[in-house]
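J.: Have a look at this prediction, sequence included:
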Amino acid sequence: MGMLKEFKEFAMKGNLIDLAVGFVMGAAFTKLTSAFIDGMVMPLVGMIQGKDLSDWKFVLKEASTENGTAEVAIKYGTFLSVTIEFIIVAFVMFMVIKAINRLKKKEEAAPAAPAEPSSTDKLLMEIRDSLKK
């Protein structure tokens, strides 16, 4: 039972819970961004270029129906699509983190004014001042 209790304490620590929530939110955000890129951005790029970005490729060897060999190609369009998606996700995450940091700075209280000296401190200052005379 000791190991089970230790695992429960480990799993219920705040940092682990925060990490799990962040992971789930990140996965959901990635799906949202992928849908945006695939459904809105890439069709616009495809419209400009005349074909879908994921169809862009450099054919090394054509497919042959006689030999039954498949086409050999470097599909750089898919790589470009994922790169664009990454850049958009990174930029949005940068903006979110920047906004959160700005809010944290506002929450930080201005340095408190020095506390008024205690009665003992006041008495010691009076003694010091009288000795200086």
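T.: Great, that's in hand.
J.: Helix or strand next in line after the longest helix seen in the chain, which one?
T.: With secondary structure taken from DSSP state H, the chain has its longest helix at helix 76-107. Sequence-wise, the next helix or strand downstream of helix 76-107 (DSSP states H and E) is helix 119-132.
J.: Tell me how far that following helix lies from the chain's centre.
T.: 56 Å (Cα atoms, centre = their mean, to the nearest Å).
J.: Centroid-nearest residue for this protein?
T.: With distances taken as Cα atoms, centre = their mean, the chain has residue 93 as the residue nearest its mean C-alpha position (4.3 Å).
J.: Excluding sequence neighbours, find me the nearest residue to that one.
T.: residue 29 (8.0 Å; Cβ to Cβ, 6 or more residues apart in numbering). Heads up, the C-betas are built off the backbone N, CA and C, glycines and all.
J.: Quick one: classify the one you found as helix, strand or coil.
T.: In terms of secondary structure, residue 29 is helix; the call rests on DSSP: H, G, I helix; E, B strand; the rest coil.
J.: separation between it and residue 114?
T.: Using Cβ to Cβ, to the nearest Å, residue 29 is found at 45 Å from residue 114.
J.: What of residue 3?
T.: Where residue 114 is concerned, residue 3 sits at a distance of 52 Å (Cβ to Cβ).
J.: what's the neighbour count on residue 53?
T.: 22 (other Cβ atoms under 10 Å).
J.: ok, now residue 42?
T.: Once other Cβ under 10 Å is used to define contacts, residue 42 is seen to have 19 neighbours.
J.: Local confidence estimate at residue 113?
T.: With respect to pLDDT, residue 113 has a value of 69.
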